[in-house]
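Enquirer: Quick one, fold the following:
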Amino acid sequence: MIVLAALPVTSEYRRGLIRATSAAGAIATATAEVISRHVFAANGNYLFPQSGPDTARVIIGTGLFLGLAAALAVAVGSMLRRGAGTVAVSIVLLVLPGILATAMGLPANIDSWLMRLSPDAAFAIQATLPRSSLVTGAYIPANGYFPISPWAGLAVLTAYTAAALGAAVWLVGRRDA
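Expert: Numbers count the residues shown, from 1 in each chain. As a prediction, this is how the structure comes out:
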């Protein structure tokens, strides 16, 4: 996703095709949601029931998440002017915090910090698992739980994207004018 966003997405914005790409992302998410739930259930995996609003939030939110991630990669690319550097920085911003929070076994307070304040907080938009006040140990990102609400997580990515776009506009105007 990052490579695809960092390199050709600028032409999509220029030609107005980004709306079609975002719509395609939402359609792909909706299709994947339906198919994956069916495949999991057919293989005997228990799935918590999802309400219509939760399913709609996941589908619409994932489309917004992908669009914001693409815009962030475009902003980074505008600032760096190099494809490889853009891909590397975008991966560090959008992927590395999630890997650190889920796979590295970091202390819970660092997991919480990474998943609240990094652009990875936007993955919370896909959270649908219920919580219980009786259990707290299982509520970690590796199990699909996020320490931030879904829309607040998306707002974190929106703030990063807005800041990066603002910096890119300023830098391009100053450097390339």
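Enquirer: The protein: helices as residue ranges?
Expert: Along the chain, counting by DSSP state H, helices occupy 2-6, 9-15, 18-42, 52-80, 83-94, 96-103, 108-117, 150-175.
Enquirer: Of all those helices, which one is nearest Ala127?
Expert: helix 150-175 (5.9 Å; Cβ to Cβ). (Each C-beta comes from the backbone N, C-alpha and C, glycine too.)
Enquirer: how far off helix 52-80 does the closest one point, in degrees?
Expert: 20 degrees (axes from the mean of the first three to the mean of the last three Cα atoms, to 10 degrees).
Enquirer: one step back: in JSON lines, list the helices of the chain along with mean pLDDT and mean neighbour count.
Expert: Listed next are the helices of the chain as JSON lines, based on pLDDT from 0 to 100; neighbours: other Cβ atoms under 10 Å:
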{"stretch": "helix 2-6", "mean pLDDT": "60", "mean neighbour count": "20"}
{"stretch": "helix 9-15", "mean pLDDT": "60", "mean neighbour count": "14"}
{"stretch": "helix 18-42", "mean pLDDT": "79", "mean neighbour count": "14"}
{"stretch": "helix 52-80", "mean pLDDT": "88", "mean neighbour count": "20"}
{"stretch": "helix 83-94", "mean pLDDT": "87", "mean neighbour count": "18"}
{"stretch": "helix 96-103", "mean pLDDT": "78", "mean neighbour count": "17"}
{"stretch": "helix 108-117", "mean pLDDT": "72", "mean neighbour count": "17"}
{"stretch": "helix 150-175", "mean pLDDT": "92", "mean neighbour count": "16"}
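Enquirer: can you redo the ones you listed as CSV with distance to Phe123?
Expert: Below are the helices of the chain laid out as CSV (distance: least, Cβ to Cβ, whole Å):
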stretch, distance to Phe123
helix 2-6, 14
helix 9-15, 20
helix 18-42, 13
helix 52-80, 8
helix 83-94, 10
helix 96-103, 6
helix 108-117, 8
helix 150-175, 7
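Enquirer: Which one, of these, ends up nearest to Pro130?
Expert: helix 52-80 (10.0 Å).
Enquirer: now the closest one, how far from the centre of its chain.
Expert: 6 Å (Cα atoms, centre = their mean, to the nearest Å).
Enquirer: Just the angle for it relative to helix 18-42, thanks.
Expert: In terms of direction (the same axes, to 10 degrees), helix 52-80 departs from helix 18-42 by 130 degrees.
Enquirer: Check which helices and strands helix 52-80 is in contact with.
Expert: Here helix 52-80 touches helix 2-6, helix 9-15, helix 18-42, helix 83-94, helix 150-175, going by 3 or more Cβ pairs under 8 Å, 6 or more residues apart in numbering; DSSP states H and E.
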